[in-house]
Structure formats: C-alpha cells, structure tokens
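**Student:** any chance you could fold what I've pasted below:
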Amino acid sequence: MSKTLVAHQPNYIPYLGFFHKASRADVFVLQDDLKYVKNDFGNRNRIQAEDSSRWLSIPVRANNESTFHSVVAADPGWPRQHANILRSKYLRAQHKGRLAPYLDALASSVDKPLSVINIALIRRLIDEFGITVPIVVASELDVGTFDNPNDRLIALCRLHDCDTYLSGTGGHAYIDEDRWAAAGISLEWSDYAPVRYDRGDAPWIPNLSALDAIAHADDLESLLR
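**Tutor:** Numbers count the residues shown, from 1 in each chain. The predicted model follows:
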C-alpha cells in the first residue's frame, strides 16, 4: 500500500495550506532541526487587522547557525501581547470562543524554544481540523547530515517506508525531480487553493493564519479539500 510523507518546518500558527498537506499525509515530519530563517514564517504569521491584515511576530534571539530548536524568544512578554491582540482583532468573530485553548497555550509558552512553542500549537490545530496523521519530530530521529535537501527528504521517506513525497509549491526552488526518480520515490505536488469562508463584516483575505479560519469558519474540515 502506498504511503505518503510530508515534511515541513514547524512554522508559527501556519496558514491553511500547511494543514491541507498534513491532511494528505500518512507521516508528517516537523523539521525542527533545520536552520531558522529570518523574516520567514518560523516566528510570525498574518492575522486579521480591521479591513486588512497584520503580522503577529514572536521577537527572537537568533543567528546564522540557529535552528528552530535553538531559537528562543527575546521578550518574555510576547505571549500576553499576542493573546491580547488576538482577542482584540477577533472580538466580533462568530467563533471567537474557539481561540480560547490557543490563548491558554500561548500563556504557557514563556522561555520555551521556538520549535516547542510552534509544535504544540500545530498539534492543537491538527486536532482542531480533524487530521489524524502521525506527527514525527525530526530532532528525535537519527536522520544524519546531508548537503542536499533532496537527499535528506529521500532519507526521511525511506526511514518511514514511504514511497511518495508530497511537496508544497515552495519546493520548486530546490526539488530535483531526477534525484527522486533515481531513488524510486514518487514526487507529488500540493494542489492547495484557498477556499473562501464567511468572515462576517471583514473582507476576504486568503492565506492568513489558520487561527483566522478557526475564529470565523463554520465547517473547518471543508477548508482543506
């Protein structure tokens, strides 16, 4: 029987496309041992802000060698600040009560590494969307060191007996299809496209953090189709 692996950095409160991929996986690897990239989605994401959007960012201490597992917050007050912003921006959302467990999770996030913060929130979000995929944390594996990201992902597939790898569109920047063909592992691409949901008086803005859908949408699982 075919098995599909998906691997991703443990981003902060990711967008729906992240969970669309997770819902199609048999094994979902969170690569917390990869290098943290500044100004990406590792410590920030976009949420509602009146008629537009705004970044919600964890201030961090990091350098060029930092991994998700070694990055720490630079300001212990960030969880309280993020919780207050979320309460304020989603005050009129139809399902604002769904955010309560995430606000509680933020409150317990002080002094934890970025990977631990993000993975805890991702696990909660995966449950919220009714996804039952096993989650594997890369730092807990003996994956080895690879110069090429394709070889690392191929090794993860072999380690978990997966014959298919599902990549997001960002993979076009580094995926070497010939390498995958030589390894005998099928390569597939995510077909995720944003699904509109009712945001009340707020305008439709695609690709916000999944917390936006949780606060507004009636049927969460339908958003991952």
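**Student:** what residues of stretch 147-167 count as buried?
**Tutor:** Judged by neighbour count (16 or more other Cβ atoms under 10 Å), stretch 147-167 contains these buried residues: 149-150, 152-154, 156-157, 159-160, 162, 164-167. For every residue, glycine as well, the C-beta is placed using N, CA and C.
**Student:** how about these in CSV, adding secondary structure?
**Tutor:** Output for the buried residues of stretch 147-167, formatted as CSV (DSSP: H, G, I helix; E, B strand; the rest coil):
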residue, secondary structure
149, helix
150, helix
152, helix
153, helix
154, helix
156, helix
157, helix
159, helix
160, coil
162, coil
164, strand
165, strand
166, strand
167, strand
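**Student:** now the element after the longest helix belonging to the chain, going C-ward?
**Tutor:** In the chain, taking DSSP state H as the definition, the longest helix is helix 114-128. Going down the chain from helix 114-128, the next helix or strand is strand 135-137, by DSSP states H and E.
**Student:** hang on, the earlier thing: and the buried residues of stretch 147-167, which is closest to residue 100?
**Tutor:** residue 166 (32.2 Å; Cβ to Cβ).
**Student:** partner residues bridging that closest one?
**Tutor:** In this entry, residue 166 is beta-bridged to residue 188, by DSSP bridges.
**Student:** wait, what's in contact with it?
**Tutor:** 4, 5, 6, 21, 24, 25, 188, 189, 190 (Cβ atoms under 8 Å, 6 or more residues apart in numbering).
**Student:** run the last query once more with 7 Å
**Tutor:** 4, 6, 21, 24, 25, 188, 190 (Cβ atoms under 7 Å, 6 or more residues apart in numbering).
**Student:** repeat that for residue 190.
**Tutor:** Residues in contact with residue 190 (Cβ under 7 Å, 6+ apart) are 17, 20, 21, 166, 167, 168, 169.
**Student:** quick revisit: mind checking how far the longest helix of the chain is from the chain centre?
**Tutor:** 8 Å (Cα atoms, centre = their mean, to the nearest Å).
**Student:** three-state assignment of the spatially most distant residue from the centre of the chain?
**Tutor:** In the chain, the residue that sits farthest from the middle, by Cα atoms, centre = their mean, is residue 182; the gap is 29.4 Å. Going by three-state DSSP, the secondary structure assigned to residue 182 is helix.
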